[in-house]
Structure formats: structure tokens, C-alpha cells
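>>> have a look; sequence and predicted model below, questions after that.
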Amino acid sequence: MQVFASLDWIEGSRQQILGIAGIALMAAVNWRALPLLVVTALSGAIYSLTAMVIDRPRPPEGLVHVIRHTGSSSYPSGHVAFFSWFFILLILCLAVGRLPKPMVAAAWVAAAFVLLAVCLGRIYMGEHWPSDILGGLALGLGWTSLALSVRLISDPVLGRGK
């Protein structure tokens, strides 16, 4: 499917450029969010360390229909980890408190659908096992939740303590 291929294209340096551009945009709109943005972006380092330590191979062509392999390890899914923290922060930094509540709700729904497409696409393309997707979600959502639980860095974004 073209949607899966398009989301698959956002990898490696393209993913890093998107992340840096997104962080720059979010920081320009809300400079007080910069500490939270930096902390959540550290999930990339955690992903790299986890992938290096676990070093699980990707699904083999004899077992699943593989459309394309990138050659790196399988667990966790870096795409899923990236998109999960990235979408949350895009909405928190650019939409919440700036757009009407129905538009913010629509943004959350749209982000959930795109993240679901990323998850399904990684399996469909033969890039990951389902457990790799769950690992990517656990990493991206878990690390972002942890960062948001630290009030010192999340209060400026969430508007608490005004």
C-alpha cells in the first residue's frame, strides 16, 4: 500500500531531519517547551541502545512476505517509537490551548490513525514482528509519559501552575 510505503520512507536521516524540524517549530511556537522536547527526543538514544543490546533479526522472507528490509535489527520499531512521541508533542505544543477543543480532538484522532497506520505498515512491509511494534509503542509512549510526569519540564507545556 502506498500509505505504508510513504510512512516507511521516513527513516534514518529523514526521520532525524523531521524530528529536528519539528522540535525547532514547536520550540519557536512555545520556547518554554524546549526542555520537554529535548527529553522526549532522547528516546532515540534509548531506541539505539535497546536495538543494539537486543539485536533481534527482522522477519525472514521464508516466513513472511517481505517487501523491503532495511538491514538493521528488528526490536523495537524505531518508526513507532518516533511517531508516538512526535505526534503527542506536536499536538501538545502546537494545538492544545491554541486551537478550539474540537480541532484538538480531531488532531488526536488523526494522530492515532496515522500511528496505527505506521504500526500496521511496519508489519505489512515485513520490517517487524508484532512484538517489535509493541516494544516501539512502549518505548515512545512510556518515555513520553515519564517526561510528562516530571512537572518541572511539563508544566510550561501543559499550562499547569499558571
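Received the coordinates, thanks. Residues are numbered from 1 along each chain as shown.
>>> with just CA atoms, put stretch 92-103 into CSV.
This file holds the C-alpha atoms of stretch 92-103, laid out as CSV (Å, rounded to 0.1, in the frame of the first residue of the first chain):
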residue,chain,number,x,y,z
LEU,A,92,0.6,19.4,23.0
CYS,A,93,2.9,22.2,21.8
LEU,A,94,1.0,23.4,18.7
ALA,A,95,-2.7,22.7,19.2
VAL,A,96,-3.6,22.4,22.9
GLY,A,97,-4.6,25.9,24.2
ARG,A,98,-4.2,27.4,20.7
LEU,A,99,-7.0,25.7,18.7
PRO,A,100,-10.6,25.1,19.6
LYS,A,101,-11.2,21.9,21.5
PRO,A,102,-13.0,20.1,18.6
MET,A,103,-9.9,20.7,16.4
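>>> return the set of buried residues in it.
Under the neighbour-count criterion of 16 or more other C-beta atoms under 10 Å, stretch 92-103 has 92-95 buried. The C-beta positions use only the backbone N, C-alpha and C, and glycine is treated the same way.
>>> equivalent analysis for stretch 123-135, please.
123-129, 132-135.
>>> ok, stretch 31-48 next?
For stretch 31-48, by 16+ other C-beta under 10 Å, it's 33-37, 39-41, 43-44, 47.
>>> can you give me the helices in the protein?
For the chain, the helices defined by DSSP state H cover 2-9, 12-29, 34-41, 43-54, 78-94, 101-124, 130-149, 151-158.
>>> rebuild those as TSV, extending it with mean pLDDT and distance to Ser72.
Output for those, formatted as TSV (pLDDT from 0 to 100; distance: least, C-beta to C-beta, whole Å):
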stretch	mean pLDDT	distance to Ser72
helix 2-9	68	13
helix 12-29	87	9
helix 34-41	90	19
helix 43-54	86	7
helix 78-94	91	8
helix 101-124	93	13
helix 130-149	93	11
helix 151-158	84	30
